[in-house]
Each structure stands twice: as C-alpha cells, then as structure tokens.
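Novice: Just the structure for this:
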Amino acid sequence: MNPASLIFTALVVLQVGIILTGGAVRLTGSGLGCPTWPQCVGGSIAPVPHQAQGTLHSWIEFGNRLLTVLLVLVILAAVIGAYRWGKGRSDWKLIRLLAITQLIGIVAQIVLGGITVLTKLNPFAVSAHFLLSIVLVAASLSLRERVIAKARTVVLPTTRLLIRVLAFLSVVVITLGTVVTGSGPHAGDIQAKRYHIDPRLISWIHADTVIALISLTVGLLLVIKVSESPENRSFIGKKVLLFLAVCLGQGLIGYIQYFTHLPEALVAAHLLGAGVIWLTIWNIGFKANAFSNK
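Specialist: Residues are numbered from 1 along each chain as shown. Take a look at the predicted model:
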C-alpha cells in the first residue's frame, strides 16, 4: 500500500472507529467515566486510581478520548497529503475543501464531546456527536477516493435520483436509530437523560424506515438492470447489491436485538452496521457521480 492509500484509508477507518468506541462508551454505561472535560477528573487528564466512577468505566471513556488524539494526528497527515498529492489537479478545490472539513469537523467533535460530558449526556448532544461523525465519515471517504483517483462512472438521471433518495433515507434511518438509542437502556449512564419518547413506538418507526430503505434498494437494482449499460450494471449494480445485503443483515440484527431485549453485543453489531450502511451508500453515490458533477 502506497503512502497516500495508507494515510487516507487510516483516516476512514479511524472515523468509523471513533463511532465504535463511542458506542462502547454508551453500551458499558461509561459515558460519565471521565466526569469532567477536558480533564478526566479534577487535576488529572487521565483516570486516577480508585476513581469514584470505577476503573473500567473511566478507562473506557478515556480510551475514546485517546483515539480522538490519534485521529487528530491522522487528519493532520491527511491534510498535508492532500496538498502534496492533490494540488494542481482539476478537482483540487474539492480535495482542499474535504481536507479542511476534516480539520473543522474534529474541532467541532471535541467541543461537542465536551458539551456531552458537561450536560451529563444530554440525548440531543449525544445524537449530534454521532451524526457529525457520519458527516465526517462521508467526507473522509470522498477525500480518500479523490486523492487516490478511484474509478468512477456516470449513470442515467433516474438512477442518479434514486441513489440520492437512498442516501437521504439512510440519513433518516440512522438519525432515528440515535433516537431509539437515546430513548432506551443504553444511553451511556444509568442516570443519563433520555428522549421523552416511547421506546417501542420509535423502534417501530425506525423499523418501517428500514423496510422502506430495503424496498427502494430493490427498486434501484431493477432500474439499473433494465436501463443502465452493461458496464454500469456490473460496476454500480454489484455495489448496490452489496448495499442491499448490508441492509438486510442490519435489519435482521435490529429485529433480533429488539426481541431479545437489546443485549450489548447485538447493539454493538447494529452500531457497526449503521457505519457500514453509510459507507456503502456514500461509496455508491460517489462512484456514480450522484453527489457531484466533478
């Protein structure tokens, strides 16, 4: 793997990784393992022995903060790499914008993380923290694909529109997922505030949007099959088929975790699935030029 691929792949992996470690914080009830910010406890950046929040909880929360430090270093390397390998190209302005977005985004994430702790895991702050990560995952993937110049194609207007609708619906599904989590038992701490919404009702609404997402994906596959060129049927069709498989797997995990009363392992798998769904649909849109003409 050449240096550009290494740096920008690491960027995407870490942007997804920060979602997973954040999920681990919530699932283990460690959201207030470090009850102050930017320090872990008063007078110490790191956890201290015999901390009231418990050693395990404090180190899980602190581990999430440490991964953020690593992510900052990789973002700095990616910004430098963007200028080295992207400057002078026809899409240089977009590459520069995507690189700057990573810098601004991580600063915003750090601030949101502080607000989340200081507000004792307010569900709105927690959801915003997660949704900003989704934006940064998309931006990091676009930056990676542009810098290392991965193959792309142009699809017909109907296909392009359906991909955009799928991306929007994916955002709706993921957003509702944060509301489901913020209404249920895994809000990050036993005393954390929840959304004042019936968990069962919001879970059903979330499931309905997943069904709509799967149905529309099947429709997109049919459109590609009957209208796109053989090259696009192979290039984009396979990626959409992968997206459908991921959605079906995610839906299955969601139903199992609901009827088994949300075991932590399945909730973690569902969280990972949300990240994979978003990466997959964003990659489809990018490859098909559905989000940009350049």
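Novice: From here on, just use CA atoms for contacts and neighbour counts.
Specialist: Will do.
Novice: so where is the stretch 1-150 of the chain shaky, pLDDT-wise?
Specialist: 1, 51-54 (pLDDT under 70).
Novice: what separates the helix or strand Lys239 falls within from the chain centre, distance-wise?
Specialist: Element membership for Lys239, per DSSP states H and E: helix 230-259. Averaging C-alpha positions (C-alpha atoms, centre = their mean, to the nearest Å) puts helix 230-259 17 Å from its chain's average.
Novice: Which SSE is immediately downstream of it?
Specialist: Next element after helix 230-259 (DSSP H and E): helix 264-287.
Novice: list the buried ones in the longest helix seen in the chain?
Specialist: As assigned by DSSP state H, the longest helix anywhere in the chain is helix 55-86. For helix 55-86, burial by neighbour count (16 or more other C-alpha atoms under 10 Å) applies to 57-65, 67-68, 71-72, 74-76, 78-79, 81-82, 86.
Novice: what's it packed up against?
Specialist: helix 3-27, helix 92-118, helix 123-147 (3 or more C-alpha pairs under 8 Å, 6 or more residues apart in numbering; DSSP states H and E).
Novice: Hey, what's the angle from the second one to helix 123-147? Just curious.
Specialist: Same thing as helix 92-118. For helix 92-118 and helix 123-147, the angle between their directions (axes from the mean of the first three to the mean of the last three C-alpha atoms, to 10 degrees) works out to 160 degrees.
Novice: What is the distance between helix 92-118 and the centre of its chain?
Specialist: The answer for helix 92-118 is 14 Å, by C-alpha atoms, centre = their mean.
Novice: just the angle between it and helix 55-86, please?
Specialist: 170 degrees.
Novice: and the angle for helix 92-118 with helix 3-27?
Specialist: 20 degrees.
Novice: Flag every buried residue along helix 92-118.
Specialist: Within helix 92-118, the residues scored as buried using 16+ other C-alpha under 10 Å are 92, 94-96, 98-103, 105-106, 109-110, 112-117.
Novice: The first one too?
Specialist: Buried residues in helix 3-27, counting neighbours by 16+ other C-alpha under 10 Å, are found at 4, 7-12, 14-27.
Novice: what's the answer for the last one, then?
Specialist: For helix 123-147, the neighbour count (16+ other C-alpha under 10 Å) marks 123-131, 133-147 as buried.
Novice: go on, stretch 163-177?
Specialist: By neighbour count on 16+ other C-alpha under 10 Å, the buried set for stretch 163-177 is 163-164, 166-167, 169-171, 173-177.
Novice: Need the residues that contact it.
Specialist: With C-alpha atoms under 8 Å, 6 or more residues apart in numbering as the test, stretch 163-177 has contacts from 127, 131, 202-203, 205-206, 209-210, 213, 216-217, 220, 274, 277-278, 281-282, 284-285, 290-291.
Novice: Nearest residue to Ala128 in space, please, no chain neighbours.
Specialist: Leu112 (7.7 Å; C-alpha to C-alpha, 6 or more residues apart in numbering).
Novice: Quick one: residues contacting the one you found.
Specialist: So Leu112 contacts 125, 128-129 (C-alpha under 8 Å, 6+ apart).
Novice: Repeat that for Thr159.
Specialist: 220, 223-224.
Novice: Can you add neighbour count, secondary structure and distance to Ser44 and give the residues you listed back as JSON lines?
Specialist: Putting these into JSON lines (neighbours: other C-alpha atoms under 10 Å; DSSP: H, G, I helix; E, B strand; the rest coil; distance: C-alpha to C-alpha, whole Å) gives the following:
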{"residue": "Leu220", "neighbour count": "21", "secondary structure": "helix", "distance to Ser44": "53"}
{"residue": "Val223", "neighbour count": "17", "secondary structure": "helix", "distance to Ser44": "58"}
{"residue": "Ile224", "neighbour count": "22", "secondary structure": "helix", "distance to Ser44": "57"}
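Novice: Of those residues, which is the nearest to Val154?
Specialist: Ile224 (12.3 Å; C-alpha to C-alpha).
Novice: Against Ala290, how distant is that closest one?
Specialist: 14 Å (C-alpha to C-alpha, to the nearest Å).
Novice: ok, now which ones touch Phe291?
Specialist: Per C-alpha under 8 Å, 6+ apart, neighbours of Phe291: 164, 285.
Novice: How about the secondary structure of it?
Specialist: Secondary structure, DSSP: H, G, I helix; E, B strand; the rest coil: Phe291 is coil.
Novice: Tell me how far it lies from Val165.
Specialist: 11 Å.
Novice: What of Val117?
Specialist: Val117 is 35 Å from Val165, by C-alpha to C-alpha.
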